[in-house]
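Enquirer: sequence first, predicted coordinates after that:
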Amino acid sequence: DVKVTQSSRYLVKRTGEKVFLECVQDMDHENMFWYRQDPGLGLRLIYFSYDVKMKEKGDIPEGYSVSREKKERFSLILESASTNQTSMYLCASFSTSNTEAFFGQGTRLTVV
Amino acid sequence: DQQVKQNSPSLSVQEGRISILNCDYTNSMFDYFLWYKKYPAEGPTFLISISSIKDKNEDGRFTVFLNKSAKHLSLHIVPSQPGDSAVYFCAASAGGNEKLTFGTGTRLTIIP
């Protein structure tokens, strides 16, 4: 059974804190993605990675960075959390040979 | 610029009847389309996909239709069941680029 695991289901952080969201997949997929979901806006792509140490900006990268030191792990970093980063964050992965993306269960982040 | 649009934020359908969810896109480079279903506090799960070389794909109660000239696709669910109540996202990708662009979602409610 394929698995994409996000380290936390719920997080509450203070404004200005540095926040790490971790995602691990066990399918040996090359591609990993971070999206955020907000009401009325759907899923918006923050960053993605095609390979280890590779990263590409998505549609809304401002205020975020990422790290991919190992193939199975893709981390999203909020350098200085702000209240407008309160959202549901979703990690996804898929292989080059199959465009079906598998998603983690999501992390509901609240910045106070 | 919203390249994938779902113009109906919500839809209510009687149990047993057909549910039709619509999606429009503007990018003519998109050649692969997917539908995802999302329950609250969970990650999206893959439902069905279609390549631009086809105009229809069926999987059980789910059928996706693609009209390339109109840049429109639709998801038909028949018969609708209470467990189908969820938010449905359509997504698209272009030319082997695995980046998925999502629509804003349609919340489907099945009325018993």
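Expert: The structure has been received and is ready for your questions. Numbers count the residues shown, from 1 in each chain, chains lettered A, B, ... in the order given.

Enquirer: which other helices and strands contact the helix or strand A:L45 falls within?
Expert: Secondary-structure element containing A:L45, defined by DSSP states H and E: strand A:42-49. Under the contact definition 3 or more CB pairs under 8 Å, 6 or more residues apart in numbering or on different chains; DSSP states H and E, strand A:42-49 sits against strand A:31-38, strand A:56-57, strand A:64-70, strand A:73-78, strand B:86-94, strand B:97-102. Quick note: C-beta positions are derived from backbone N, CA and C, even for glycine.

Enquirer: how much does the fourth one deviate in direction from strand A:64-70?
Expert: Angle of strand A:73-78 versus strand A:64-70, following axes from the mean of the first three to the mean of the last three CA atoms, to 10 degrees, is 160 degrees.

Enquirer: what secondary structure does the closest residue to chain A within chain B sit in?
Expert: As assessed by CB to the nearest CB, chain A sits closest to B:G43 within chain B, at 3.3 Å. Classification of B:G43 by DSSP: H, G, I helix; E, B strand; the rest coil places it in coil.

Enquirer: how close does it sit to B:K56?
Expert: 28 Å (CB to CB, to the nearest Å).

Enquirer: cool, and B:L100?
Expert: Where B:K56 is concerned, B:L100 sits at a distance of 21 Å (CB to CB).

Enquirer: higher neighbour count, those two?
Expert: B:L100 (26 against 10; other CB atoms under 10 Å in any protein chain shown).

Enquirer: so the more buried one is in contact with B:S93, correct?
Expert: Yes: between B:L100 and B:S93 there is a contact under CB atoms under 8 Å: 5.3 Å.

Enquirer: circling back: could you tell me the least trusted of the helices and strands packed on strand A:42-49?
Expert: Among the helices and strands packed on strand A:42-49, strand B:97-102 has the lowest mean pLDDT, at a mean of 80.

Enquirer: after that strand comes which helix or strand?
Expert: Following strand B:97-102 toward the C-terminus (DSSP H and E): strand B:106-111.

Enquirer: note down every partner strand of that following strand and its orientation.
Expert: strand B:10-14 (parallel), strand B:86-94 (antiparallel) (DSSP bridges).

Enquirer: compute the first-to-last residue distance for stretch A:21-40.
Expert: 23 Å (CA to CA, to the nearest Å).

Enquirer: what distance separates it from the centre of its chain?
Expert: Relative to the mean C-alpha coordinate of its chain, stretch A:21-40 is positioned 5 Å out (CA atoms, centre = their mean, to the nearest Å).

Enquirer: list the buried ones in that stretch?
Expert: A:21-25, A:29-37 (16 or more other CB atoms under 10 Å in any protein chain shown).

Enquirer: farthest pair in those residues?
Expert: Across these, the longest distance by CB to CB is 23.6 Å; it joins A:E30 and A:Q37.

Enquirer: so which residues on chain B come close to chain A?
Expert: B:4, B:6, B:9, B:32, B:34, B:36, B:41-46, B:49, B:89, B:91, B:93, B:98-105 (CB under 8 Å from any CB of the partner chain).
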